[in-house]
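In: Task: produce atomic coordinates for the following.
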Amino acid sequence: MAILAISLSVLYRVAGGATRTVSVDEKMTYAVELARSLLTLHKMVPPAGVESAGETSGGFSWQVLSAPLELEEDSPFAEGQLQAVRVDVMWPDGERQRSFTLHSVVAGVEEPE
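Out: Residues are numbered from 1 along each chain as shown. Got it, this is the predicted structure:
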């Protein structure tokens, strides 16, 4: 009886840990997909850069920042033609604050007048 009780106790702990891991993985997957979607929305930005932020109904907050990519002097690209973009997604996980950051380079384009 004691061996059965100990075995069940260990089994419950393992199952509880697995459930928590699945929850963390699910939120991380959502954060990655949100970051990818935001990057797709900002695949072209003005040469001056972009700065935007928001929050989802599920408690995820996000921020998109871009700035002209620093190029070497002999680069064939003009200032602002390439933009370094950073997408940050943050969310609460119990008492912890978790985050995911995505970096990319996109085209900088003039906005039509």
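
In: ok now the helix or strand harbouring I3, how far from the chain's centre?
Out: Secondary structure from DSSP states H and E places I3 in helix 2-41. How far helix 2-41 lies from its chain's middle: 18 Å, per CA atoms, centre = their mean, to the nearest Å.

In: right, and the helix or strand after that helix?
Out: Per DSSP H and E, the helix or strand that comes after helix 2-41 is strand 44-45.

In: where does that following strand sit relative to the chain's centre, distance-wise?
Out: Its chain's C-alpha centre and that of strand 44-45 lie 18 Å apart, by CA atoms, centre = their mean.

In: contacting residues around that strand?
Out: Surrounding strand 44-45, the residues in contact under the criterion CB atoms under 8 Å, 6 or more residues apart in numbering are S66, Q83, V85, V106, A107, G108, V109. C-beta here means a position set from N, CA and C on the backbone, and glycine is covered the same way.

In: In the helix-or-strand element of the chain with minimal mean pLDDT, which residues are buried?
Out: Using mean pLDDT, DSSP states H and E, helix 2-41 stands out as the lowest-scoring helix or strand of the chain, at a mean of 80. With burial defined by 16 or more other CB atoms under 10 Å, the residues of helix 2-41 counted as buried are K27, Y30, A31, L34, A35, L38, L39.

In: For V32, which non-adjacent residue is spatially closest?
Out: Nearest-residue entry for V32: F100, 6.0 Å, with adjacent residues in sequence omitted and distances by CB to CB, 6 or more residues apart in numbering.

In: other SSEs contacting the host helix or strand of the one you found?
Out: Assigned by DSSP H and E, F100 belongs to strand 96-108. Contact here means 3 or more CB pairs under 8 Å, 6 or more residues apart in numbering; DSSP states H and E; on that basis strand 96-108 packs against helix 2-41, strand 44-45, strand 82-93.
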